[in-house]
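In: Got a predicted structure plus its sequence, pasted below:
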Amino acid sequence: MSSLVHLTVDDGENPVRLDVYLAEALKSFSRSHIKKLIQQGSVTVNQCICTKAATVVQPGQSIAVELPEAPPLVPVPENIPIRILFEDQHLVVVDKPSGLVVHPAPGHYTGTLVNALLFHCPDYEQTGDDSRRPGIVHRLDRYTSGVLVAAKNQHAYLHLARQASERHFERRYQALVAGEFPEDRGTVNASLGRSLVDPSRMAVTGVNAKTAITHFETLERFGVACLVRLTLETGRTHQIRVHMRFAGHPIFGDPVYGTCNYDTPGVPEELLSALMRLEGQALHAEKLGFTHPVSGEWLTFVSSPPEDFQNALKALRLFKKE
């Protein structure tokens, strides 16, 4: 049996392609699956069937998507290349690329990080209470890259999950955001909950809002943008992305909470091109620290931002010199 999902484009949203909007709003579905749903007439905009993925949706428009019944979610091993930073018999730490979904979900049953881990780690066990995401104790959004740890057995899972829930993980990110923070350091303390307009999104003081705290440090300023380092005190869904928008400095490349409008007077074509080539939000989990569930040793892992992030950063530095 199919189900119908209703969405409304937020008033503060920039006009965006229908497939881009839906890929983020229904983040467990792949872009190709979204396009297929649009082409087969399963999507309406303001109650009119829309079959063109490139249709631009505007703030205030209502969208309905008919989703087919999902088959059972049983992850299977897949030979997907991943960069493993550390592995032992208890856990594995990876450098997740942007665009890779962490675990299977409706519309994206294969090609996930879990499928890759099942292939590359023969001793990877079914852990936790959800068969779709064995070993997953924390997540990164699909288009957020960086360091992620997964448990390979139940003991490690319980220990790591407890650390995550009790805020004992050290999580540090880098992001490219629009505009400049006047402060060198600061904190965004704004509770987050489900949006009243669109439950697939998070919002400040939304439904059942929970405490959310993000600390930021300005690393470089470029006039039209800045590079910031962000440290999570809490780990709410989409926390950094929503907090940066709330602070007035949305993340570049984020089609939901950020800014994809780069048509700023005085900005050279080379910089615009680099920003337009961002594959998703310019947000990278650069550092993860936690206590090993067996040895008790404190472990720290770091990774560098992906190529599209680095290219945008280089373009911003050149723009600043000019």
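Out: Here it is on my side, so go on. Everything quoted here is computed from the prediction, not taken from an experiment.
In: Identify the residue spatially nearest to Thr211, adjacent ones excluded.
Out: Ser191 (5.6 Å; CB to CB, 6 or more residues apart in numbering). Every residue, glycine included, has its C-beta placed from N, CA and C.
In: Pretty sure Val204 is one of the things the one you found touches, is it not?
Out: Yes. Using CB atoms under 8 Å, Ser191 is in contact with Val204, at 6.8 Å.
In: Is the residue nearest to Ser303 when sequence neighbours are not counted bridged to anything, and to what?
Out: Closest residue to Ser303 apart from its sequence neighbours, by CB to CB, 6+ apart: Asp95 at 4.5 Å. Bridge pairing for Asp95 (DSSP bridges) gives the partners Arg83, Val147.
In: distance of Asp95 from Phe216?
Out: Distance, Asp95 to Phe216, by CB to CB, to the nearest Å: 23 Å.
In: what about those two, which has more around it?
Out: Higher neighbour count among Asp95 and Phe216: Phe216, with 25 against 19, using other CB atoms under 10 Å.
In: Now tell me what touches the biggest helix by length in the chain from outside.
Out: Scanning the chain for the helix with the most residues, using DSSP state H, yields helix 307-321. Helix 307-321 has contacts (CB atoms under 8 Å, 6 or more residues apart in numbering) with 98, 145, 174, 176, 220-225, 227, 252, 267-268, 270-271, 273-275, 277-279, 282, 284, 304-305.
In: Buried ones among those residues?
Out: With neighbours counted by 16 or more other CB atoms under 10 Å, those contain buried members at 98, 145, 174, 176, 221-222, 224-225, 227, 252, 267, 271, 274-275, 278, 282, 284, 305.
In: Filter the residues you listed down to the ones in strands?
Out: Among those, DSSP state E puts Ser145, Gln174, Leu176, Arg221, Ala225, Leu227, His284 in strands.
In: Could you verify my assumption that the fifth one touches Phe181?
Out: Which is Ala225. No. The criterion here is CB under 8 Å, and Ala225 misses it with Phe181 at 10.6 Å.
In: Test my guess that Val302 contacts Glu286.
Out: Yes. If you go by CB under 8 Å, Val302 and Glu286 touch, sitting 6.0 Å apart.
In: In the stretch 101-250 of the chain, where is pLDDT below threshold?
Out: Applying pLDDT under 70 to the stretch 101-250 of the chain flags residues 106-107, 199.
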